[in-house]
Every structure is written in structure tokens, then in C-alpha cells.
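In: Provide a 3D model corresponding to the input given below.
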Amino acid sequence: MTQDLWIGKQLGRYKLLSLIGTGGTGRVYRARHTILEREAAIKILRADLDPDTKYHDRFLKEARTIAKMRHPHVVQLYDFGSFHGTYYMVMEYVPGENLDKKLKALHSDGQLLPGVEVWRIIKQMGEALSYTHERGVIHRDIKPANILMTHDGSIVISDFGVAKLLAGHGNTSTGTVTGTPTYMAPEQAQGESIDHRADLYAMAVVVYEMLAGRVPFKAPSAVTMIYKHLHEPPPPLRQFNPAVPPHVEAELLKALSKQPQDRHQSVAEFRRALSGSGSAAQRRPAPVFVERVKTVIGPDGKEYVHVPAGKVWLGGGRSNDAPRREVHLDGFYISRYPVTNAEYHAFVKETLYLPPQHWHDGVYASWKANEPVVYVDWHDAAAYCRWAEGRLPTSAEWEKAARGADERRYPWGDTFDANKCNSKEGGRNTASPVGKYSPGGDSPYGAGDMAGNVWEWVLDWYASDHGDPCATNNPMGPETGKSKVIRGGSYNNKQRLVTCTTHDYAPPNTHAVNHGFRVRLGKKCIPGPPRQVG
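Out: Numbering: from 1, shown residues only. Here you go, the predicted structure:
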């Protein structure tokens, strides 16, 4: 391997320590200020580029572009200079790894980025791009390799080397193609004049990759890749990750439209649409007594479905049922699916909470990423809910979310169907990935996996008489007790126990192979009007 001649040399008061990476116009080194002892990243214009002044002009433009930026998620420029005719600039050094390396490591192990991290990156990337677009700057090369990840989980967007100033006269003109083909908008690939919607397209490719574990298009060459961006529709996202909410898939496909006018018209609009607070409606067939399923994305990155306020009959006359009675419940949002291993891992990683006892060295088996987390006791479930800015649902809330308003026995109706849930009759004998039985097994409000798969902890203490029968407004169990209520049955229960009305109970410190939970979202987390997706 040829030794890098720059390593060990000094530029101004900075000593170059190691090579960080290479880009289209230069090489980036980790460096240290010899007096302040502050680390920095130094980018040097590639010596093999044509000595024509247009490359130097472009490099100078990159420096001026970054120098105008003051945003926590945009790399900060410290200095700019030249050394014997070689241009360089000194930028903020971001310790950690880039998103490209993180995704490749996860995907090689069969894992996906946890939802809470995906939505944090979407939020921060969106804030950064909205900031730069408002100032007339297009990045033109958004990709995971240019998204740096700090140790505290934040991101910083780097490498504005091919940025174009909308308000100025840039060196990148119509007919010149710059960027990375895998993430390139069709109009950019054709060398056409572009605007901020090209960055939006590239951002959508990155989001698709985070959620699906692969980019929309794969090709052996740049030319073939560009052809796919120009002429082929991206494959449906949910065929790679069924747990992705349908409206997220729809909004991503819109953002990946071939024509800029068919996409969202700003990054902010795209973010709102993904979070579930957009204005456009995506419809699918729904039971006649519920017009549409409404969802939002919570702080933990999970999709939450809306259960409207109103009166509802709970319980029934069968064994393990609470007595039949009519109650009133306020409206609320409940997670569409139980919390998965990947989602719980994000909670453990951020809070340093103890992982489930069966995880090896604090890590779940990669092929179980989208299965419900188990071996969590009631206290573990409650801790995750607090972190997600919610709580466990009450038993009454859980039951209404599962059966709707027509007293059905199962989420899908009154007749048992082994093809719509993971129960003993299906013969699986272990938990299944969440969403496996959607939408056929979903409740009227769009909640999935409420019959079978895993028992779910709820907020209530258990009482043999099921609590005060006179409590008709947002009822709960007794104030104290020895056991907590669990609902919904599991994969090792037969049809009589995987109903919407069945109650069972367990001491709150129980860790069981078939006990999981879902979250009831706190009101302060709801971002405005709910997104209509059904």
C-alpha cells in the first residue's frame, strides 16, 4: 500500500494525523491544532485534478458555502487556506462513524436500524436541509457516507463539495452531472438544472435504505443505476420490511417520483407526511363503522393508531371475561404493534437500562429484530413507555383498541380464523414478526397482533371481580394488588384465549417467554391533526 505523503505533515498550525476518507474533490484528514490541541477535519484538494482554475474555484466556493452555515446538524468550517498552491479547509471534526458504515454493519448481520434512530435521523437531516435550502444552498450529494454520527446519537451533514448556490452563479451548470448515482435524482442524473427537490429525492433514498435494509435500486454500473432512477419504479418498501406503516411507504414512493413536481415540495412537507401529520389521505378498505384509520409516529419511532372517544361495551359472558358493561373512554393513540426487540434495544442503548435476560451480551438475535420483545416484566414495560413519553394502556383501553365498538370476539370479527393470528392452531409455537398477520388480522382501528403472538401487560392491577362495576368513565383496576392484568393470549394458546375479552394475570416481576407489551401514547406527543391512512 502506498504511504499517504500528507500524514505527519503540517498545514498552518494543524498537524495531519490520519486519513478519514476521500470525496469527489479531495481527501479528508483528521488533524490537531498544535497550540490549542483541538482536533479538526482538513480537506485537501486532490492533486490529480486538472489544474484548471475551475476546480480551485469550486473548492473555494465549497469553503464559502460552508462558512455561511451555523446549524447543529451542518458541519462547521473553521478556516481556509493554501499551501504551495494546494488548497485546504479546516472543518469541525465529528468523532464517531458515518451512517454508511453503521448501516453496512447492521445489514451484514441481518439487522435494521431501530425505528427510534431512523426517526431521529429523519428529523435532524430534515432540519439541516430545510436550513440550507432556506439559504439557497443545495447539497447535491446526500448519502449515508456524508451523514456523520456523533457518539450521543446526533448527526452532522458533511461534504458540501458539490453544493450549488441557488442565488449565485455556481460552477456546476446544466449538462454537468455531479453526485452519487445510487442516491441521485433523475433530473440531476440527466444533467438538468436542479433545485432543493433533488436533495429531497436523495433523502428519500436514504430513508428507504434505513427502513428496508437496501437501496431502492441496485445495478452493476453507474450507467445502469442512472437508467433505473430514470425509468424504473422503486420496489414497494413493505416487501422488505412489512412492519413499515403503509402511509410511510406511500409517502416514500411519492418522494421518489421521477418528476420533481410530483414529489413533496419541501423537506418540511416530507417530514410532516412521514410523521403522520400531513394533510393528504391514503385510503384502504375499512370496517363500515370506522371511516378511516388515523396514525401518528411517536417519539420512539413507532406507528400509533387512533382510538376515538366514546361509549363502548366491554367484557362478555364467557370464561376469563370481565362482566359485560358499558363505559366511556376518552380518545387515545396506541402503538399499532407490540414493542419489538429492535425498538427495545434502542431504549436499552439510550438509557443503559438492563436488557432482557435471554439476550446474549445485551444483544438480541438478529433474525428476531421485528419480533415482540419478551422476558420483560411489568416494570420493564412501564419504563419503556415512560421513555417513549407514554404509558401502558389500561385494560379497558386495550380492549376497545382490539375490538372496536361492535362487541366482536376477535379483532377481525366473531369467527376464529387461524390465518389471521399467531395461536396454537397455527402450529408456529414461537412468536412471529409483528405485522405478519396484517391487515387481515387488524382491529377496526388498525391495531395488529392483538390476538395471539404474545400476552401484553396493561396498566391495571388484577381483581377477581374485575374492579368497581360502577366506574363507567375511563375505568381502571383496583389501586393495589398482587398481579397485573395481561391481555390477548399468545402463540401457545388456543382460540378461546386469543380473544378481545380474555383476561389473565401475572405478578408484575414475572419474566416470561410469551409476555410483551405495547404503548399508549401521551397526549403531548401527538403532532397536531392526525394523519389519515385508511
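In: most distant residue from the middle of the protein?
Out: The outermost residue of the chain, judged by C-alpha distance from the chain's mean C-alpha position using C-alpha atoms, centre = their mean, is His84 at 46.9 Å.
In: what pLDDT does that residue get?
Out: We have a pLDDT of 75 for His84.
In: just the one 5 residues further on next, same as before
Out: Each residue has a pLDDT score; the one for Met89 is 80.
In: Measure how buried it is and give me the count.
Out: In terms of burial, Met89 registers 25 neighbours under the definition other C-beta atoms under 10 Å. C-beta coordinates here come from the backbone N, C-alpha and C atoms, glycine included.
In: Where does it sit: helix, strand or coil?
Out: What DSSP: H, G, I helix; E, B strand; the rest coil gives for Met89 is strand.
In: hang on, it packs against Leu45?
Out: No. Applying C-beta atoms under 8 Å as the test, Met89 and Leu45 come out as separate, 9.1 Å apart.
In: picking that back up, ok, the residue farthest from the centre of the chain to Ile7 distance?
Out: His84 sits 17 Å away from Ile7 when distances are taken as C-beta to C-beta, to the nearest Å.
In: re the thing from before, show the contacting residues for the residue farthest from the centre of the chain.
Out: Shown in contact with His84 (C-beta atoms under 8 Å, 6 or more residues apart in numbering): no residues.
In: so how far is Lys9 from it?
Out: Distance check for His84 against Lys9: by C-beta to C-beta, it reads 11 Å.
In: How about Ala243?
Out: Note on Ala243: its distance to Lys9, by C-beta to C-beta, is 50 Å.
In: So between those two, which is more surrounded?
Out: Ala243 (23 against 13).
In: how about the helices of the stretch 51-200 of the chain, start to end?
Out: Listed in chain order, the helices of the stretch 51-200 of the chain (DSSP state H, counting those that start in this stretch) span residues 53-67, 99-108, 115-134, 186-189, 196-212.
In: Confidence-wise, which of those helices is weakest overall?
Out: Mean pLDDT is lowest for helix 53-67 out of these, coming in at a mean of 68.
In: Give me the phi and psi for the closest residue to Ala198 other than its chain neighbours.
Out: Using C-beta to C-beta, 6 or more residues apart in numbering and skipping the chain neighbours, the partner closest in space to Ala198 is Ala185 (4.0 Å). Its backbone dihedrals place Ala185 at phi -70, psi 150, with angles given as degrees, to the nearest 10.
In: Check the gap between Ala185 and Gln265 for me.
Out: Applying C-beta to C-beta, one obtains 14 Å for the distance of Ala185 from Gln265.
In: The two - which one has more neighbours?
Out: With neighbours defined as other C-beta under 10 Å, Ala185 and Gln265 compare such that Ala185 has more, 28 against 14.
In: shaky segments in the stretch 401-534 of the chain?
Out: By pLDDT under 70, the weakly predicted segments of the stretch 401-534 of the chain are 465-470, 524-534.
In: mind listing the strands for the stretch 301-450 of the chain?
Out: Here the stretch 301-450 of the chain has its strands, by DSSP state E, counting those that start in this stretch, at 303-307, 310-314, 325-329, 332-335, 390-391.
In: Centre of the chain to the first one, how far?
Out: Remark: strand 303-307 is offset 16 Å from the chain centroid, using C-alpha atoms, centre = their mean, to the nearest Å.
In: And for that strand, what's in contact with it?
Out: Residues outside strand 303-307 that contact it (C-beta under 8 Å, 6+ apart) are 245, 248, 276, 293-298, 329, 331-337, 397, 400-401, 445-447, 519, 521, 530.
In: Mind giving me the ChimeraX command for buried ones among those?
Out: Selection of buried members from the contacts of strand 303-307 for ChimeraX, criterion 16 or more other C-beta atoms under 10 Å:
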select :245,248,276,293,294,295,296,297,298,329,332,333,334,335,336,337,397,400,401,445,446,447,519,521,530
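In: Verify the stated contact: Asn509 with Trp378.
Out: Yes. The pair formed by Asn509 and Trp378 meets the contact definition of C-beta under 8 Å, at 7.4 Å.
In: Pick out whichever of the two has more residues nearby.
Out: Set side by side, Asn509 and Trp378 show more neighbours around Trp378, with 23 against 10, by other C-beta under 10 Å.
In: so what's that one up against?
Out: With contacts defined as C-beta under 8 Å, 6+ apart, Trp378 is in contact with 392, 457, 484, 506, 508-510.
In: List the residues that contact Asp460.
Out: Applying C-beta under 8 Å, 6+ apart, we find Asp460 in contact with 394-395, 467, 476-477, 484-485.
In: if we can go back for a sec, keep only those of the contacts of Trp378 that are in strands.
Out: Residues from the contacts of Trp378 lying in strands, with DSSP state E as the criterion: 457, 484, 506.
In: Present those as TSV; the columns should include distance to Leu256 and neighbour count.
Out: Listed next are the ones in strands among the contacts of Trp378 as TSV, based on distance: C-beta to C-beta, whole Å; neighbours: other C-beta atoms under 10 Å:
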residue	distance to Leu256	neighbour count
Trp457	39	29
Lys484	45	25
Ala506	46	19
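In: In which helix or strand does the nearest residue to Tyr29 once chain neighbours are set aside reside?
Out: Spatial nearest neighbour of Tyr29, chain neighbours left out: Leu16 (4.5 Å); criterion: C-beta to C-beta, 6+ apart. Under the assignment given by DSSP states H and E, the secondary-structure element containing Leu16 is strand 14-22.
In: what's around His196, how many residues?
Out: His196 is flanked by 21 other residues according to other C-beta under 10 Å.
In: Quick check: the gap between it and Arg271.
Out: 13 Å.
In: And for Arg38?
Out: Shown here: Arg38 relative to Arg271, a distance of 34 Å by C-beta to C-beta.
In: Which residue of those two possesses the greater neighbour count?
Out: Per other C-beta under 10 Å, whichever of Arg38 and Arg271 has more neighbours is Arg271, with 23 against 14.
In: Setting the sequence-adjacent residues aside, check what's closest to that one.
Out: Gly126 (4.2 Å).
In: What residues does Glu97 make contact with?
Out: For Glu97, the residues meeting the contact criterion (C-beta under 8 Å, 6+ apart) are 148-149.
In: With the one 5 residues further on instead?
Out: Listed by C-beta under 8 Å, 6+ apart, the contact set of Lys102 reads 113, 144, 149.
In: Just the buried ones among those residues, please.
Out: Buried positions within the contacts of Lys102, assessed by neighbour count (16+ other C-beta under 10 Å), are 113, 144, 149.
In: Just the ones of those residues in strands?
Out: Met149.
In: Going by distance to Tyr353, which of the buried ones among the contacts of Lys102 wins?
Out: Ranking these by separation from Tyr353, with C-beta to C-beta as the measure, puts Leu113 on top at 19.2 Å.
In: Isn't the closest one up against Asp100?
Out: No. Look at Leu113 against Asp100 with C-beta under 8 Å: they stay out of range, at 12.0 Å.
In: how long is stretch 436-447 end to end?
Out: Distance across stretch 436-447, first residue to last, is 12 Å (C-alpha to C-alpha, to the nearest Å).
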